[in-house]
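In: what's the 3D shape of this:
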Amino acid sequence: MKTLNIGIIGIGVIATTKHIPALLKRDDVKITVICDIDAAKAEKAKKDLGLADAKIVTDYQEVCTDQDIDVIHVCTPNTSHHDITMLALNHGKHVHCEKPLALTYKDAREMADTAKAKGLKLTSGTQWRYNPAPMRMKQMVQNGEFGDIYYVKSSQLRPRRLPAYGVYTSKEGNGGGVLLDGGPHSIDLPMWLTDNYDVASVFGVTFDKMKNFPEGNDLGPWDPDNFDVEDTAAAMITMKNGMVIYMETAWATNLQQSAVGVVAEIGGNKAGADMAGPGFENHVRTTKIVDGKLTTTTEKIEEPVNMNEYDIFHWIDAIQNNSDPAVLPEQAVTVVRVIEAVYESARTGKAVHFE
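Out: Purely as a prediction, here's the structure:
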């Protein structure tokens, strides 16, 4: 099996906590280049993560055009995803681009179409679907246990967990706010659970109510003067088969949701289920009629799944075996299209209809 040479572009939190640690557990890859505009940050990551043989560069173009690199991981702010990915694809690299794939549907479509035309792999990082609880709920859907599914909800309402570092609160630097951060997970999860990405319409709202209240944030105080993005977003997504998805995501609320991650619930005419329990990521609570009585049971899924490793391992396997990655490019494109529609609906106060 070929050893794949990997280039990491953008050495922030997602690169150092997800991509690099997972890649280091593979025997068939080698991280040969790490790139960041801040050379000191790259040097620190090289030392802290034991990347002694990795070359440090500050220009992503040098990585994308390096003939010795097979795979590129794009872990930069959202505004640069399209340009870096396109350059990498046009130089024959497989690309794992962090979510969201792009800022616009047009750009995301171009990325996916280019990868397909060139016979290259492309994926994006909506790994929250790969916790044990949603994976069990996915099995239940496939087994027909819910019957006719007509309602799915996904929620990530963080009480005070806004990423105050980097450019998250800057529209110029990040492209948008929480809808581009938690939003891709909250939009993708219900569609993946039901294997339904056929959107009919989107009605969305956004809020920026919390920017002047930085106190008590788990990830440090933010600067209200450098905060011009939404902190909360919600949407009703109607699918072409009539199913409705309700999505909500927020960085900072005065609500205490039971989990800091993305939780989901499914409603069908035979049963319903949600993620509830002392550990939301591995508990499924199911409600249905048993012997004529409405009965609720909670199951703890004992099989451990590391969502970050699941995503990265399947990505590398897809390249090595010419198979599909965990997150398909078409799925990532649809997520971007829905995000774009939420922004448009919030701006106009009207639903956006898909053809």
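
In: tell me the contacts of residue 165?
Out: 13, 219, 220 (CB atoms under 8 Å, 6 or more residues apart in numbering). The C-beta positions use only the backbone N, C-alpha and C, and glycine is treated the same way.

In: any idea which helix or strand carries it?
Out: Element membership for residue 165 (DSSP states H and E) is empty, with no helix or strand holding it.

In: phi, psi of it?
Out: phi -90, psi 170 (degrees, to the nearest 10).

In: Which members of the contacts of residue 165 are classed as buried?
Out: residue 219 (16 or more other CB atoms under 10 Å).

In: Go through the contacts of residue 165 and name the one nearest residue 175.
Out: residue 13 (17.4 Å; CB to CB).

In: re the thing from before, can you redo the contacts of residue 165 as JSON lines with secondary structure?
Out: Putting the contacts of residue 165 into JSON lines (DSSP: H, G, I helix; E, B strand; the rest coil) gives the following:
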{"residue": "13", "secondary structure": "helix"}
{"residue": "219", "secondary structure": "coil"}
{"residue": "220", "secondary structure": "coil"}
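
In: And the contacts of residue 165, which is closest to residue 208?
Out: If you rank the contacts of residue 165 by distance to residue 208 using CB to CB, residue 219 comes first, at 18.0 Å.

In: where in this structure is pLDDT low?
Out: Scanning the chain for pLDDT under 70 picks out 257-260.

In: Find the residue at the geometric middle of it.
Out: Geometric centre of the chain, nearest residue: residue 126, 2.8 Å, by CA atoms, centre = their mean.

In: ok, which stretches of the stretch 151-300 of the chain are strands?
Out: 199-207, 232-239, 244-250, 263-268, 271-274, 283-290, 293-300 (DSSP state E, counting those that start in this stretch).

In: Please, where are all the helices along the stretch 51-200 of the chain?
Out: For the stretch 51-200 of the chain, the helices defined by DSSP state H, counting those that start in this stretch occupy 60-64, 81-90, 105-118, 132-142, 171-174, 178-181, 183-194.

In: contacting residues around the residue nearest to residue 215 when sequence neighbours are not counted?
Out: Once flanking residues are discounted, residue 215 sits nearest to residue 221: 7.2 Å by CB to CB, 6 or more residues apart in numbering. Residue 221 makes contact with 164, 214, 215, according to CB under 8 Å, 6+ apart.

In: filter those residues to the buried ones?
Out: Among the contacts of residue 221, those scoring as buried are 164, 214 (criterion: 16+ other CB under 10 Å).

In: one step back: in this structure the residue nearest to the centre of the chain contacts residue 325, no?
Out: No. Proximity of residue 126 to residue 325 does not meet the contact threshold set by CB atoms under 8 Å, at 11.2 Å.

In: contacting residues for residue 209?
Out: Residue 209 neighbours (CB under 8 Å, 6+ apart): 231, 232.

In: any idea how far it lies from residue 346?
Out: Separation of residue 209 from residue 346 (CB to CB, to the nearest Å) stands at 13 Å.

In: and residue 180, what is it in contact with?
Out: With CB under 8 Å, 6+ apart, residue 180 has these contacts: 78, 100, 103, 174, 339.
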